[in-house]
Structures are given as C-alpha cells and as structure tokens.
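Visitor: predicted structure and sequence below. I'll ask about it afterward.
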Amino acid sequence: MTQQLDQGQLKKLAAEYAFEHYVKPDMLIGVGTGSTVKYFIEKLAEVKHLIKGTVSSSSASTLLLQQLQIPVFDLNSVDQLDVYIDGADEVTQYLHAIKGGGAALTREKILAANSKKFVCIVDESKLVAKLGKFPLPIEVIPMARSYVAREMVKLGGTPDWRNNVVTDNGNWILDIHNLDIIDPVALERQINSITGVVTNGIFALRPVNELIVASADGKIKVIK
C-alpha cells in the first residue's frame, strides 16, 4: 500500500520540483508568498551564490529571503524576471487561479506580469474544476471599501471585510463569497474597472504558464 503524504509534505514536494526544474544559474527569480513558497525559498538558499537574485511579492517573503542571505532587489531596479514561482488558493486545469489569501495579490500580479514564465506550485487540494469556492480577495483603497462592497453585491457576491488586515501597500482587503465565476477573464476585468479597486485575486488575464500539482501518492503532475 502506497503511503499517502500529508499536505505539508505535498507543498514541499511541489516546491522542490519547481526548484529542480525551473531554477538555473544567473536567473533573476520572482518569489511569491505563502506556506508552499516558504519551502521554495529554503531550497533557493542552496544556490544563492549562483543566481542573480530575487524580487519578492511581500514583506514576509522578503524577510525570509534576507534571513537566508539571498539577494533581494526592488523591481524598479531590474529588468524582466526569468521566472516567477508562487502558490495559489485555487487553480483550474485552464491555468486560471485565485490568489490573495495572504493579502499580497497586487504585488503578486505585478511580478507575474513582469515575468517571462509564471510557475504555480500547489498540492492537489488547490486544483478545482471551477473558481469561486475560495472567497475572492479584492484589494481596495480604504475610503472605497463600502462602495466596492455594494458593487460586489450587485454582481452576486457576499463581501466580508478582512478586519485588522492592512496590505503592504497600505490598503484593505474585501473577501467576496458566493461568486459564480463562469468567465474568469471577463470577471477579472469587470471588478478591476470598479473605482477604488486596486486589483482582485483572479489571475486569468495573465494566467499561469505551468502548474505543478503534488498528489498524495507522491507523484507530480505538470499542466502547461
């Protein structure tokens, strides 16, 4: 009988696969946020003397990178990133994702947009048939919170203010429950057009390039 791996082991497995297959010498690497990415950062420390450096999507990831003495650059001081490695809260086989459970969605979108390749690393629980079970995070300018919440009700969502959470950009997060996300590209555009929205957590306009999924039986599935 094959031993089933727990979620922590699966996250580590996906992170190590990404490290082994997507990290090369002299690369400039975008680093995301979250528990799965933490394993990737720990592996990255092994080759910190071989890569050009990293650009981080959050203060938490930056702190860990610096603690491990991995070079971290400001995005404005570098050119295009060779690869961006990050997790997801939900992702489909069509390579559309929901991100932002860690409140770093805006910076994550910026890094994804500025990368040649966006590689997403997840355990199999994050692979879904359709987005929307995980509440959709929206980063909003604080004074627009109530207005954006009312607009999201019109779209069929149930907004919940993530109280006592301030993003690295000084903004607030609304988590939108009960959305029926049939067309992720169209909905991403529609929400981003609401005045006061910085961005939302649908990653479909700039989708994932390659998805690494770790299964409980210890196997890796790559969706391109």
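Guide: Looks like it came in fine.
Visitor: where does the chain have low pLDDT?
Guide: Within the chain, the segments meeting pLDDT under 70 span 1-2.
Visitor: all the helices of it, in order from the start?
Guide: 7-22, 35-44, 59-67, 105-113, 145-154, 184-192 (DSSP state H).
Visitor: contact partners of the last one?
Guide: It refers to helix 184-192. 96, 131, 138, 152, 155, 179, 181, 197, 199-200, 202-205 (CB atoms under 8 Å, 6 or more residues apart in numbering). Bear in mind the C-beta positions are built from the backbone N, C-alpha and C, glycine included.
Visitor: pull out the buried positions in it.
Guide: Of all the residues in helix 184-192, those buried under the rule 16 or more other CB atoms under 10 Å are 184, 187-188, 191.
Visitor: ok, I98 touching K130?
Guide: No: at 10.7 Å, I98 and K130 do not qualify as touching, with contact defined as CB atoms under 8 Å.
Visitor: between the two, which has more neighbouring residues?
Guide: Applying other CB atoms under 10 Å to I98 and K130 shows that I98 carries more neighbours, namely 28 against 13.
Visitor: still on that earlier bit, of the buried residues of helix 184-192, which is the nearest to L64?
Guide: E188 (29.1 Å; CB to CB).
Visitor: before we move on, back to that, filter the contacts of helix 184-192 down to the buried ones.
Guide: Buried by 16+ other CB under 10 Å: 96, 131, 138, 152, 179, 181, 197, 199-200, 202-204, out of those.
Visitor: let me see the domain layout of the chain.
Guide: 7-128+206-223, 136-201 (automatic domain parsing).
Visitor: most tightly packed of those domains?
Guide: domain 7-128+206-223 (a mean of 19; mean count of other CB atoms under 10 Å).
Visitor: end-to-end on that domain?
Guide: Distance across domain 7-128+206-223, first residue to last, is 20 Å (CA to CA, to the nearest Å).
Visitor: swap in stretch 215-222?
Guide: Start-to-end, stretch 215-222 (CA to CA) is 11 Å.
Visitor: try stretch 79-95
Guide: End-to-end distance (CA to CA), stretch 79-95: 25 Å.
Visitor: quick one on the thing from earlier: and of the helices of the chain, who's closest to D217?
Guide: helix 7-22 (10.1 Å).
Visitor: the closest one packs against which elements?
Guide: For helix 7-22, the contact count by 3 or more CB pairs under 8 Å, 6 or more residues apart in numbering; DSSP states H and E identifies helix 35-44, strand 83-86, strand 118-123, strand 210-214, strand 220-223 as packing neighbours.
Visitor: strand partners of the fourth one, parallel vs antiparallel please.
Guide: Spelled out, it's strand 210-214. strand 118-123 (parallel), strand 220-223 (antiparallel) (DSSP bridges).
Visitor: got the angle between the longest one and helix 105-113?
Guide: It refers to strand 118-123. 120 degrees (axes from the mean of the first three to the mean of the last three CA atoms, to 10 degrees).
Visitor: now the closest residue in space to V198 that isn't next to it in sequence: how far from D74?
Guide: Spatial nearest neighbour of V198, excluding adjacent residues (CB to CB, 6 or more residues apart in numbering): E139 at 4.1 Å. Distance of E139 to D74, given as CB to CB, to the nearest Å: 20 Å.
Visitor: next: L28.
Guide: Taking CB to CB, one finds L28 at 12 Å from D74.
Visitor: identify the contacts common to the two.
Guide: Shared contacts of L28 and D74 (CB under 8 Å, 6+ apart): V55.
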